[in-house]
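Undergrad: I would like the atomic coordinates for the input below:
(chains A and B)
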Amino acid sequence: MIQAKELSIFRPGIIPMLIMIQLIVLFPLWFELPIWISGVTIAILSLKYLSYKSDINLPYWLIIIFVILAFSGVFFYFKTISGRDAGVALICLMYCFKLVESKSYRDAALVLFLSFFIMVMAFLFNQSIIMGFYLLVTVTSILSGLIALNSVNGFDALKNLGRISVNAVFQAMPIMIILFFVFPRLPGPLWGWDDNRAGTGISDSMSPGSVSSLINNDEPAFRVKFNGNAPSADQMYWRGLTMSNFDGFIWRATNQAFQKTDNIPPSTLLYDYRINLEPNYQKWLFGLEHLGNPDSSIILYEDFTWAKLQKNSKPFSYKGVAVDYNYNGYKLTDYARNNYTRLPSSGNILTKQWAKDVYQKGSGTEEFIRRVLNHINIQDYYYTRTPEVLLDNVVDGFWLKAREGFCEHYAGAFVFIMRAAGVPARVVAGYQGGEYNPYGDYYLVKQSDAHAWAEVWIDDKGWVRVDPTSAIHPSRVETNLLEQTNRRESWFGNKRIAFDLPESFLTKMRMRWDAIKSFWDDTLMGYGQEQQNDWLSKLGIKSNQWRYLGYGLVAVLLFSGLIFGLWLLRHSRSKDPIEIAYLSLKSKLIKQGVEIQANWGPQSLLKHLQQNHPELSKKYATAIKSYMLLRYKSESATDEWLKRFQRQVKKL
Amino acid sequence: MHNQITPILTQLNQVVLGKSHQIKLSVACLLAQGHLLIEDLPGMGKTTLGQAIAKVFGLEFQRIQFTSDILPADIIGANIFDKDDGQFKFHAGPIFSQLILGDEINRATPKAQSALLEAMEEQQVTVEGETFDLPEPFFVIATQNPSHQVGTYPLPESQLDRFLFRIELGYPDPSFERVLLKGQSGRNNLHEIEPLLELSTLAEIQKKVTSITVSEHLLSYVMILINATRQSPDFAHGLSPRGGLALISAAKAWAFLDGRNYVLPEDVQQIFVPTVAHRLEFSQKTSGPIIAIVEDLLRQAKVPD
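TA: Residues are numbered from 1 along each chain as shown, chains lettered A, B, ... in the order given. Have a look, this model is predicted:
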């Protein structure tokens, strides 16, 4: 029996190892904590190393003074000691102090077990895939530490220790996987997420330059996985929000009412998909037009946009449906018609007049739309990210003079023109396109895919999407934007320039990496209560039964523990096939009511059978004799004999 | 070869009645080339057994009655001055014989005891610098009275170790005793015993016994038993390696007597008590019949499956 005394932490190498482990555990937290806290943790650990090297024990009162200083430091910095940031800072400091005052095996064990906790805290700040792998490294090193601490050889056998702890990590994997799937998930995060960040991506107002500012942003906006068919990329218009309030310069989204069920026209389902949205700190959600009513957690607004109640501060996954509405017989209410044709009374008079002139030339709305788009196509309208900056009468300036702009200019001007002619119209902001990733079978929509287009109300057809930028002749599109406009729905069939870049190795690698990241974020990190309920309901467990899930979990753990224990017992004692067969022979005899003494060899057993169970002895004699020869007559111990014995036992 | 032993056992059983197990043990002891110590009260047939064995195997037999005044020279022999030759000549003592029956060995002084026991161990005798080999085979059957009897010098453990077995004869069964009392069998048959085995055959059998198979698995069982004696709190010390070797060779002889050429755990169990009991010493806490304790130990040791 090894005494705790023999496992002293003053054995060579143990304390430096503990310091090393603490550094590994704290490393990811240094990037999240205030600099001074990170600095202090490093200082404390260096102090510990110095005192270990020079063999000086820090006096206890000094440690207490340090602890009080650190405590008040945290309090004055954060004005609190609770909450995520202050709590993590405090516990990191105390974690380092614990090692400073460690004297016994017990202290060191405590430091190591605390390490597991601190390690998980880093995950509160950062859940990236790299962090996941780093945690694996951390777990392995903490386990090595535990094994070294508990091994008589201590630090010396580190080579083996590493292997043992890697083994332990891999052996824990099945349990980890079971826990991952079955452990009851809480609806929200354990600690509040930071909700006060500025929104990213599409915003709820559109002024010249607001969309083009995203063109260089290669961050993913969301990923889409289709259930079944997917539309072609040029049909992928991801609606975010509509803007119908124009003040002469900026288009703004108006507060929308919830869509009433009886206002929804009859629809047929087109596409069924799931979107994994990156955190954008906005409330609105994106969906493929036309947006249906997919999910109870998503609110459908009157303008057929989606939103949820809280800001998206963490990856959010939701089901989406694209439907085809049948607007036959549907009319806009007077209120809505009024709303969607309203323009500021002053300014941009020339464009208003232009619109009215053009409208009168044709017959009806659709003809009007075609004329306007034709105008864009034929006249020298340019598509560029760096248009002339206009300050006054921006629509007039763009439409009649500069004739160059980005999608927001075109969408804004187009809606303006529609409204000027009395046609209800609105601006739609969202994303267009999507890059198919064959490795993960999903479409990646990036921030650079941000787009603005228009929707026009046509009686009996409802809201019809018109993308005025797709009418620009390709020869007048900035070359680096060609790829983008080529993806858009064509109005005139005059583009389709072959523009398929060969997939370079780099592209493939990027796609693969994105597929891995998407799997990590959406499938692993995004596995929440909803997904769990989904998965469990397939097994027939309803969401309100998750108490049973808990019971089930305990049962599974106990059961697997039991199985493992039995397995250990069986396999640590005998791996010998002769023994296994003979034990089975004996257990068969015991079932027949034969009492077998532990000190009986095969001959005694046979004799006992002959005397007390003559009918059994006839049946068992050959097998027992085979065993005798196999065990005690060395030349009989061949595979053939063993097989014969096993057959004999099986037949009994 | 085993067949040649069976009539010997039958013959012996006609002389010493109702002691078939002890007879078998004695023969096993001879086959394993060990020496036999019979401990019992006077008049239990110890001497008869010794004589019968000598006769049936056709061995040259000498009996030494140990008394308190016996000297080593009385056992080994001495250099005596020969008047005719004018020089000292070695006169061999009774030990120069194939089968020695040392009666009441614990009546003799330690000096005389050790003369016999050294000869047993070394198979040779040294007198005044001159070494004389003892005959082959050399088999000693010693008897001793229970040590609590008056006028005994108990043999030290180191010397008890030289005996492969220590057995007790005990009182005969009433049925056999009745026959014995009629005086028509037993000792009277002794004179009618004819040697049933050639000396060369005995040597062959002894050689054959040593080559009997002891499997790894059996060794595991023997190891369990040896460790049990060493770990038991009842004994001051456990079985020595020599004791372990004795277990193996005795078990081989027993297996041979059972007509097998491999050893079973049961063979070990049969010879365990006579082989082990006299080699162990109680620790101070324990008292009582040592045989019962050793039997208990044997009962608790599990035969590996």
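Undergrad: what about residue 251, neighbour count?
TA: With no chain named, the answer covers chain A. 24 (other C-beta atoms under 10 Å in any protein chain shown). From N, CA and C alone the C-beta is placed, and that goes for glycine too.
Undergrad: um, chain B though
TA: By other C-beta under 10 Å, the residues close to B:Ala251 number 28.
Undergrad: Distance of it relative to B:Ile141?
TA: Per C-beta to C-beta, to the nearest Å, B:Ala251 is found 21 Å from B:Ile141.
Undergrad: Quick check: A:Val456 is in a strand.
TA: Yes - counting by DSSP: H, G, I helix; E, B strand; the rest coil, A:Val456 falls inside a strand.
Undergrad: That one reaches A:Pro468, doesn't it?
TA: No - at 10.6 Å, A:Val456 does not count as touching A:Pro468 under the criterion of C-beta atoms under 8 Å.
Undergrad: ok, which stretches of the stretch 1-150 of chain A are helices?
TA: For the stretch 1-150 of chain A, the helices defined by DSSP state H, counting those that start in this stretch occupy A:14-30, A:35-53, A:60-78, A:84-100, A:105-125, A:129-150.
Undergrad: wait, which of the ones you listed is closest to chain B?
TA: With C-beta to the nearest C-beta as the measure, helix A:129-150 is the member of the helices of the stretch 1-150 of chain A nearest chain B (27.8 Å).
Undergrad: In which helix or strand does B:Arg166 reside?
TA: Per DSSP states H and E, B:Arg166 falls inside strand B:165-167.
Undergrad: Show me the contact partners of that strand.
TA: B:22, B:25-26, B:28-29, B:34, B:36-39, B:160, B:250, B:271, B:274-275, B:277-278 (C-beta atoms under 8 Å, 6 or more residues apart in numbering or on different chains).
Undergrad: Provide the strand pairings for it, with the direction of each partner.
TA: Partner strands and pairing direction for strand B:165-167 (DSSP bridges) are strand B:36-39 (parallel).
Undergrad: Can I get the partner strand in CSV, CA atoms only?
TA: The C-alpha coordinates for strand B:36-39 follow below in CSV (Å, rounded to 0.1, in the frame of the first residue of the first chain):
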residue,chain,number,x,y,z
LEU,B,36,10.7,-42.0,5.9
LEU,B,37,10.1,-41.0,9.4
ILE,B,38,7.4,-42.9,11.3
GLU,B,39,6.2,-41.3,14.4
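Undergrad: Next SSE downstream of it?
TA: Using DSSP H and E, the helix or strand that follows strand B:36-39 in sequence is helix B:46-57.
Undergrad: hmm, who's touching that next one?
TA: Outside helix B:46-57, the residues that touch it by C-beta under 8 Å, 6+ apart are B:8, B:11-12, B:15-16, B:19, B:22-23, B:26-27, B:30, B:38, B:40, B:59-61, B:63, B:98-99, B:101, B:103, B:139, B:141, B:143, B:169, B:186-187, B:190, B:193-197, B:202.
Undergrad: Give me the buried stretch members for that helix, please.
TA: B:Lys46, B:Thr47, B:Thr48, B:Leu49, B:Gly50, B:Gln51, B:Ala52, B:Ile53, B:Ala54, B:Lys55, B:Val56, B:Phe57 (16 or more other C-beta atoms under 10 Å in any protein chain shown).
Undergrad: beta partners of the residue most central in space within chain B?
TA: For chain B, the residue nearest the mean C-alpha position is B:Leu36 (0.8 Å; C-alpha atoms, centre = their mean). Going by DSSP bridges, B:Leu36 is paired in beta bridges with B:Ile141, B:Phe165.
Undergrad: pretty sure it contacts B:Ile23?
TA: No - contact status for B:Leu36 versus B:Ile23: not in contact, 11.1 Å apart, counting by C-beta under 8 Å.
Undergrad: Low-confidence stretches in the stretch 1-150 of chain A?
TA: A:1-7 (pLDDT under 70).
Undergrad: just the helices in the stretch 51-200 of chain B please.
TA: Counting by DSSP H, counting those that start in this stretch, the helices of the stretch 51-200 of chain B are B:72-76, B:110-122, B:157-160, B:174-182, B:199-210.
Undergrad: how much space is there between A:Trp567 and A:Gly561?
TA: 11 Å.
Undergrad: and what of A:Ser313?
TA: Distance from A:Ser313 to A:Gly561, by C-beta to C-beta: 39 Å.
Undergrad: so where's the stretch 201-305 of chain B uncertain?
TA: B:284-287.
Undergrad: Pull up the residues of the stretch 501-650 of chain A that are close to chain B.
TA: Residues of the stretch 501-650 of chain A found near chain B (C-beta under 8 Å from any C-beta of the partner chain) are A:574, A:579, A:582-583, A:586, A:597-604, A:628-629, A:631-635, A:637.
Undergrad: Weed out the non-buried ones from those residues.
TA: Using 16+ other C-beta under 10 Å, the buried ones in these are A:579, A:582-583, A:586, A:599-604, A:628-629, A:631-633, A:637.
Undergrad: Could you find which two of those are furthest from each other?
TA: The distance between the two most remote of those (C-beta to C-beta) is 23.2 Å, for A:Asn599 and A:Ala637.
Undergrad: Just the buried positions in the host helix or strand of A:Trp238, please.
TA: In the assignment (DSSP H and E), A:Trp238 maps to strand A:237-243. For strand A:237-243, the neighbour count (16+ other C-beta under 10 Å) marks A:Tyr237, A:Trp238, A:Arg239, A:Gly240, A:Leu241, A:Thr242, A:Met243 as buried.
Undergrad: Which single one of those is nearest to B:Ala255?
TA: Among the buried residues of strand A:237-243, and counting by C-beta to C-beta, the member closest to B:Ala255 is A:Trp238, at 89.3 Å.
Undergrad: Next to chain A in this structure, residues from the stretch 151-300 of chain B, please.
TA: B:213, B:215-218, B:221, B:261-266, B:269, B:298-300.
Undergrad: The residue in chain B that chain A sits nearest to: how many residues sit nearby?
TA: Nearest to chain A, among the residues of chain B, is B:Pro265, at 3.2 Å (C-beta to the nearest C-beta). Using other C-beta under 10 Å, B:Pro265 has 28 neighbouring residues.
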